[in-house]
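Engineer: Have a look; sequence and predicted model below, questions after that.
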Amino acid sequence: MHDKAMRYLSILLVFLMGGSFLFGVIPQAQTSGSAGGVTISISSQWVGPAQVVLVTVYNPNVPQNQYGAKYVEGNLTVTANGVTLPLNSNYITNASTVYYLQNGGHYFWFFITLTPAPLSTTPTTITLQNGETLSASLTSSNHVSLTAGLTINSTLDNVNLTNPYLTFNGVVGKTNGASGVFQMMLPSTFPNNLVSTYGQVVTGGGTVNVTDLYYFSSASTITISYSTGASVTVNNFIANTNSYAPTLINTESTVPLNSTWEDFFVDNVMQANPLVGGNGGFSITVNGKMENPVIQNVSYLAIMNGVYVNTSVFENNPISNAQAMFGYGNVYNGNFSIYTTSVITSTNKNYDTLENGKYSPANVTGSQYANLVSDRLFTTNTPITIYVDDWLNFNASASVTGTIRETVPQPHLSLGTEGTEHDCQCLRLHNQLQCGREHNCIRLPSGAHR
């Protein structure tokens, strides 16, 4: 197995074995719980506004149809702040939200969000625990949208995150005591059927009702329980913001100049739809321009600071044991694969490689390479810090050591027709040789050989 994969799996095993504290996630949250032959699983340890999270009940003792879904729904409760309510209630969502996953298994699904209701085109202000505010509203096409101000590279940017899969139907059911219910559209490629408690069959591209937990928006954690005693606890992003921290899993420790490698940025609240890979489902605009969910800054600590640049996500990694937890393998929680680089992301265009809107692997020319070395910006022991940020201003960082091979004494190097020899130090830079004695440097012609 590739070394990178082994490192990632090792980190993942620590995480699965209870090491969530390593990544800044508070330990109250749990993604799975079992009792009495029933298991409840949840796709994310966090739930927030405009975001949808999948919850699954595995129960082999009920019918695999709409009646089983109805039975499961009637045995589910939600508890927070010392209050316990049935999953299906006026204060949460009184429309039926539990579905049977029709694939031959014993899995029953429902989806949750933490979005203020009722929602309209008039913005509703959400105050987070850390004092920051978000504005939630519906777009003209009825999709749930968040707006926020975020300072990047000393500039205040207007950020909009729209979930194109999440809408609000104001004429069906009740949510948080008011008319209407949130609904999520399944990806068009979703291969299975979901059967509601009334026998309605929902296929890919169809919509399902979503349970809104905004009634408990002041509770730091929310627990969903089944009558057998099985339960899961999810963190409330609104009331527990100070405890939220994404994770940057770095796969390298020592890197040469002009190198690029893969890192994993795990950011639960940037996963808009648990069934959507790629960028996670959010449509993101910054000052009216479409952007990716991740930005990063590569700096040489105490030597030269980089700037934040837009970075594409080239893969959204599904939950490793999703098939067992949910009966379906393509379930996501915001585990993004990105490229990072040992070349500084600087306003100095001589050294820019991860330019805004691009993510091409690091590549500097021979002269740029030489300048980085001769200016002593990149040495045999360069402290590199990689900062990765999302558009809600939550970030993580990792450190690596940049290295370049020491120059070594090379005795009696002939310079050809001039007939002179020098004890010199040589460094090969993009097929050219630089040779010098201490401070006096002579550049050999292109194509010269030792």
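Structural biologist: Received, thanks.

Engineer: Show me where the stretch 51-200 of the chain has its helices.
Structural biologist: All helices of the stretch 51-200 of the chain, identified by DSSP state H, counting those that start in this stretch, fall at 66-74.

Engineer: domain assignment for the protein?
Structural biologist: As given by automatic domain parsing, the domain ranges for the chain are 31-118+166-242, 247-403, 408-443.

Engineer: between the ones you listed, which gets nearest to Gly149?
Structural biologist: Between Gly149 and those, the tightest spacing by Cβ to Cβ is seen for domain 247-403, at 9.3 Å. (C-beta placed from N, C-alpha, C; glycine too.)

Engineer: Any idea how far that closest one is from the middle of the chain?
Structural biologist: 11 Å (Cα atoms, centre = their mean, to the nearest Å).

Engineer: related to what we said a few turns ago, kindly present the domains of the chain as JSON lines, with separate columns for mean pLDDT.
Structural biologist: What follows is the domains of the chain, written out as JSON lines (pLDDT from 0 to 100):
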{"stretch": "domain 31-118+166-242", "mean pLDDT": "96"}
{"stretch": "domain 247-403", "mean pLDDT": "85"}
{"stretch": "domain 408-443", "mean pLDDT": "36"}
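
Engineer: Quick one: closest of the ones you listed to Leu128.
Structural biologist: It is, among these and with distance given as Cβ to Cβ, domain 31-118+166-242, at 4.3 Å.

Engineer: picking up where we left off before, any chance of the domains of the chain in JSON lines with mean neighbour count and distance to Thr147 as columns?
Structural biologist: Shown next, in JSON lines, are the domains of the chain (neighbours: other Cβ atoms under 10 Å; distance: least, Cβ to Cβ, whole Å):
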{"stretch": "domain 31-118+166-242", "mean neighbour count": "20", "distance to Thr147": "10"}
{"stretch": "domain 247-403", "mean neighbour count": "19", "distance to Thr147": "10"}
{"stretch": "domain 408-443", "mean neighbour count": "12", "distance to Thr147": "46"}
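
Engineer: which one of these lies closest to Asn153?
Structural biologist: The closest of the domains of the chain to Asn153 is domain 247-403. By Cβ to Cβ, the value is 5.0 Å.

Engineer: TSV for the domains of the chain, including distance to Asn130?
Structural biologist: Putting the domains of the chain into TSV (distance: least, Cβ to Cβ, whole Å) gives the following:
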stretch	distance to Asn130
domain 31-118+166-242	5
domain 247-403	9
domain 408-443	47
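
Engineer: Which one of the ones you listed lies nearest to Thr155?
Structural biologist: So among the domains of the chain, domain 247-403 is nearest, using Cβ to Cβ, at 8.9 Å.

Engineer: Need the distance between the two termini of that closest one.
Structural biologist: 25 Å (Cα to Cα, to the nearest Å).

Engineer: State the distance from Thr285 to Ile404.
Structural biologist: 40 Å (Cβ to Cβ, to the nearest Å).

Engineer: try Gly199
Structural biologist: Remark: distance between Gly199 and Ile404 (Cβ to Cβ) = 67 Å.

Engineer: Show the secondary-structure elements that the strand ranked longest in the chain is packed against.
Structural biologist: The single longest strand within the chain, with elements called by DSSP state E, is strand 155-175. Packing contacts for strand 155-175, counted by 3 or more Cβ pairs under 8 Å, 6 or more residues apart in numbering; DSSP states H and E, involve strand 143-152, strand 178-185, strand 207-212, strand 283-286.

Engineer: let's see 6 Å
Structural biologist: strand 143-152, strand 178-185, strand 283-286 (3 or more Cβ pairs under 6 Å, 6 or more residues apart in numbering; DSSP states H and E).

Engineer: Between the ones you listed, which one is closest to Gly306.
Structural biologist: The closest of the helices and strands packed on strand 155-175 to Gly306 is strand 143-152. By Cβ to Cβ, the value is 12.5 Å.

Engineer: I figured Ser81 was touching Ser217, is that so?
Structural biologist: No, residue 81 isn't Ser; it's Asn. No - between Asn81 and Ser217 there is no contact under Cβ atoms under 6 Å: 10.1 Å.

Engineer: what is in contact with these two at once?
Structural biologist: With contacts defined as Cβ atoms under 6 Å, 6 or more residues apart in numbering, no residue is shared by Asn81 and Ser217.

Engineer: Can you pull out the residues in contact with stretch 213-226?
Structural biologist: Contacts for stretch 213-226 (Cβ under 6 Å, 6+ apart): 28, 38, 40, 75, 77-81, 91-92, 112, 114, 116, 176, 231-236, 238-240.

Engineer: now could you export just the CA positions of it as CSV?
Structural biologist: The C-alpha coordinates for stretch 213-226 follow below in CSV (Å, rounded to 0.1, in the frame of the first residue of the first chain):
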residue,chain,number,x,y,z
LEU,A,213,-34.0,20.8,15.0
TYR,A,214,-34.0,24.6,15.2
TYR,A,215,-36.3,24.5,18.2
PHE,A,216,-33.2,23.3,20.1
SER,A,217,-30.9,26.0,18.6
SER,A,218,-29.7,27.1,22.1
ALA,A,219,-28.6,23.6,23.1
SER,A,220,-24.9,22.8,22.6
THR,A,221,-25.7,19.2,21.8
ILE,A,222,-28.8,17.3,20.7
THR,A,223,-29.5,13.6,21.3
ILE,A,224,-31.6,11.4,19.0
SER,A,225,-32.9,8.2,20.7
TYR,A,226,-34.7,5.0,19.8
